[in-house]
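> for reference, the sequence and a predicted model appear below.
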Amino acid sequence: MESRIEEAPQVRWTLGVVTVLALAFIYVPPLYLLLLSFNAGLLPTVPSITDLSLKWYVTLLGEQRMLTALRESLLIGLITAMCATAVALPAALAFMELRRGRASWFNFVVFSMFVPGVVQGLVLSVVFNVAGIRPSMWTVVAGHMLWALPFAFIVILTNLAMLKRILLLAAHDLGASWPQTFLHVILPLIRPGVIGAVMFSFLLSFNEFNRAYYLVGAYDTLPIYMFGVMNAGTSPTIYALAGGKLLISFLCVGVALLMLRRTARA
């Protein structure tokens, strides 16, 4: 017993070191890239505080092709987030109501999560081509839907799992119909999960490359534009573009956390 007590500080110290190293591995590279984007010079070096500049961000505002790709990615991301959440919500509700075949239903919904993006994008492009559907924003949305739906489903399902069934039974005993129970009991309680599903789906779509590459046609999404710019030769504006994407992602996560906190307080 005494040896276990003596080993506890060592275990905590080891876990602390591993945690710090893992967090550094995850966050240091993107933060380093973000700092590079504020360097006014041509060399990719981290600027000092007095040398921080928005020069390359201002330059980006003059690149019309980038702005068009950004608008396409934002629009595709919003549509994907709304559609994925709208499908994931009833799918999660159906899972909670099932008494038999739950595992099969779960596997059916999340299966596309395990299909490689390159394979999924290529297969969808062939299917659309056979069906006579030309590549467009909507074909990209279809591909992104298959990618975002399983994650939205799991996020909502996690919140539904914490929903006490006694509340639903009480609403039924009070004469509430199923739509009334959903609107006034279920939806307010799982709102954080719905918000999380929307934000998660948007970020997955906004940063997705593999599926869009085969489905976008003559259009450009922001990741495809960045890929083309990098192939043409590294430019300081690419650091600003990558930094801008990071800031948008951080902003979306921050807004989601703020909305979740307000919802929890309410």
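Cool, got the structure. Residues are numbered from 1 along each chain as shown.
> so who does the residue lying closest to Phe111 once chain neighbours are set aside touch?
Closest residue to Phe111 apart from its sequence neighbours, by CB to CB, 6 or more residues apart in numbering: Pro150 at 7.7 Å. (Glycine included, C-beta is placed from N, CA and C.) The contact partners of Pro150, by CB atoms under 8 Å, 6 or more residues apart in numbering, come to Val109, Val110, Phe111, Ser112, Met113.
> quick one: buried residues of the helix or strand harbouring Pro150?
Assessed by DSSP states H and E, Pro150 sits inside helix 137-161. Neighbour counts over helix 137-161 (16 or more other CB atoms under 10 Å) mark 137, 139-157, 159-160 as buried.
> chain center to it: distance?
In this view, helix 137-161 has its centroid 9 Å away from the chain centroid, taken as CA atoms, centre = their mean, to the nearest Å.
> just the helices in the stretch 151-266 of the chain please.
165-173, 178-181, 187-206, 210-215, 222-232, 236-265 (DSSP state H, counting those that start in this stretch).
> so how far is the fifth one off the chain centroid?
Going back to what we said before, that points to helix 222-232. Computed by CA atoms, centre = their mean, the chain-centroid distance of helix 222-232 equals 20 Å.
> for that helix, output the C-alpha coordinates as PDB.
C-alpha atoms of helix 222-232 as PDB (Å, rounded to 0.1, in the frame of the first residue of the first chain):
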ATOM      1  CA  LEU A 222     -10.300  27.000 -50.300                       C
ATOM      2  CA  PRO A 223      -8.300  23.800 -49.600                       C
ATOM      3  CA  ILE A 224      -8.100  23.100 -53.300                       C
ATOM      4  CA  TYR A 225      -7.000  26.700 -54.000                       C
ATOM      5  CA  MET A 226      -4.300  26.300 -51.300                       C
ATOM      6  CA  PHE A 227      -3.100  23.100 -52.900                       C
ATOM      7  CA  GLY A 228      -2.800  24.800 -56.200                       C
ATOM      8  CA  VAL A 229      -0.900  27.800 -54.800                       C
ATOM      9  CA  MET A 230       1.600  25.500 -53.000                       C
ATOM     10  CA  ASN A 231       2.200  23.500 -56.200                       C
ATOM     11  CA  ALA A 232       2.900  26.700 -58.000                       C
END
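> any buried residues in it, and which?
Buried residues in helix 222-232, counted by 16+ other CB under 10 Å: Leu222, Pro223, Ile224, Tyr225, Met226, Val229.
> one more: stretch 164-172?
Residues of stretch 164-172 classed as buried by neighbour count (16+ other CB under 10 Å): Leu168, Ala171.
> could you export it as PDB, CA atoms only?
Extracted in PDB, the C-alpha atoms of stretch 164-172 (Å, rounded to 0.1, in the frame of the first residue of the first chain):
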ATOM      1  CA  LYS A 164     -33.800  11.000 -18.900                       C
ATOM      2  CA  ARG A 165     -36.600   8.900 -20.400                       C
ATOM      3  CA  ILE A 166     -38.800   9.700 -17.400                       C
ATOM      4  CA  LEU A 167     -39.100  13.300 -18.800                       C
ATOM      5  CA  LEU A 168     -40.600  11.900 -22.000                       C
ATOM      6  CA  LEU A 169     -43.000   9.700 -20.100                       C
ATOM      7  CA  ALA A 170     -44.100  12.700 -18.000                       C
ATOM      8  CA  ALA A 171     -44.700  14.700 -21.100                       C
ATOM      9  CA  HIS A 172     -46.800  11.800 -22.600                       C
END
